[in-house]
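**Student:** turn this into a structure:
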Amino acid sequence: MIDEYGLESFDVAVRKVFSDPKKALLWEHGVLSRLDAASRSDWLNRHNGGSKFRAPKAHKEETKKRIAAKITGKKRSNSTKLQMSKSALLREEQRRLDNWTMPKEAINRAVATRNERIASGEINPYSAERNAKMAASKRGKKRKYLPDGSFIMVDPSELTSPNTPH
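**Tutor:** Below is the predicted model of the structure:
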């Protein structure tokens, strides 16, 4: 449906993040039941959750490979890439406003993966080439300070956009 109607046609919001799938399903069931999503024509998810709702499961390696093969090399238009970038920035900003923090296990996995890539020589965080790429990616961008004092790099036009919170 995203391919057919475009990502901007959908309202997507992360309301809460869970480390336990069962707790997430229970919370979602409560929300969907209060909204009576099963009866609403303005919701894509026409289910109130509960015991018949399928729980999320980790994908098998074979499934991960099939998914990767499907999306690898997929061409996206510049407008789609821009929209994806803007959506990601808004999600990140909302997470910061909600005081969301990445689960410790996810941080540990990311650090371990980075260290493995450095040890194998796949990446060199101190190479001149990498530093040049990082500098180029920031060229022409400005810092946008967030309420928690941190910042993100954005196109200067986004700093004056009426839809961007200041």
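**Student:** and stretch 89-104, which residues are buried?
**Tutor:** Using 16 or more other C-beta atoms under 10 Å as the burial criterion, the residues of stretch 89-104 that qualify are 89, 93, 96. For every residue, glycine as well, the C-beta is placed using N, CA and C.
**Student:** show me where the protein has helices.
**Tutor:** Across the chain, reading from the start of the chain, the helices by DSSP state H fall at 2-5, 21-35, 61-71, 78-97, 104-119, 128-138, 156-159.
**Student:** for the last one, buried residues please.
**Tutor:** Going back to what we said before, that points to helix 156-159. residue 158.
**Student:** how about the first one?
**Tutor:** For helix 2-5, the buried set under the neighbour-count rule, 16+ other C-beta under 10 Å, is empty.
**Student:** from residue 118, how far out is whatever residue is furthest in space from the centre of the chain?
**Tutor:** Note on the chain: the largest C-alpha distance from the chain mean falls to residue 128, namely 29.4 Å (C-alpha atoms, centre = their mean). Using C-beta to C-beta, to the nearest Å, one gets 16 Å for the distance from residue 128 to residue 118.
**Student:** same check on residue 36?
**Tutor:** Separation of residue 36 from residue 118 (C-beta to C-beta) stands at 51 Å.
**Student:** okay, those two: which has more neighbours?
**Tutor:** residue 118 (13 against 10; other C-beta atoms under 10 Å).
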